[in-house]
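A.B. asks: Fold the following.
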Amino acid sequence: MNTIIEHSTEKPLLLLVDDSAENLQVLNTLLKDDYRLKLAKNGAKCIEIAQQQSQPDLILLDIIMPDMDGFQTCEALKSAPGTLPIPVIFLSHSTK
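C.D. replies: Below you'll find the model as predicted:
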């Protein structure tokens with residue numbers, strides 16, 4: 001039996017979601033060499049980007065955001081068949 005395995009040479013696409021421009025800049029600096037990146041400053045934009053033709057391979061999602069927090073955003077992503085399979089990792093930071 002012959003099995004054909006295709007390996008993509010394209011870098012994985014990450015969607016970084018945080019309401020803090022500073023946090024997005026830090027993540028962008030850390031990840032830009034190894035990944036293709038899309039950035040969103042809120043949950044609504046995250047959902048919009050995730051539904052596009054070129055879907056992210058992974059979403060790094062801030063928990064604490066105004067209007068729609070990370071939990072609400074994740075719930076919306078996981079309730080839609082088109083975005084359900086996209087893995088989500090929650091990000092958070094403490095100022096204490």
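A.B. asks: Give me the mean pLDDT for stretch 69-81.
C.D. replies: Mean pLDDT, stretch 69-81: 97.
A.B. asks: how near is residue 93 to residue 58?
C.D. replies: Distance from residue 93 to residue 58, counting by Cβ to Cβ, to the nearest Å: 19 Å. (Each C-beta comes from the backbone N, C-alpha and C, glycine too.)
A.B. asks: And the residue most central in space within the chain, what's its pLDDT?
C.D. replies: Relative to the mean C-alpha position of the chain, the nearest C-alpha, by Cα atoms, centre = their mean, is the one of residue 59, at 2.1 Å. Among the per-residue scores, residue 59 shows a pLDDT of 98.
A.B. asks: Check the gap between it and residue 50 for me.
C.D. replies: Taking Cβ to Cβ as the measure, residue 59 falls 7 Å from residue 50.
A.B. asks: which parts of stretch 41-49 are buried?
C.D. replies: For stretch 41-49, burial by neighbour count (16 or more other Cβ atoms under 10 Å) applies to 41-43, 45-47, 49.
A.B. asks: Would you agree the residue nearest to the centre of the chain is in contact with residue 45?
C.D. replies: No: if you go by Cβ atoms under 8 Å, residue 59 and residue 45 don't touch, sitting 11.7 Å apart.
A.B. asks: what sits in contact with each of residue 59 and residue 50?
C.D. replies: Here residue 59 and residue 50 have 15, 77, 86 as joint contacts, going by Cβ atoms under 8 Å, 6 or more residues apart in numbering.
A.B. asks: Perfect, I'm done here.
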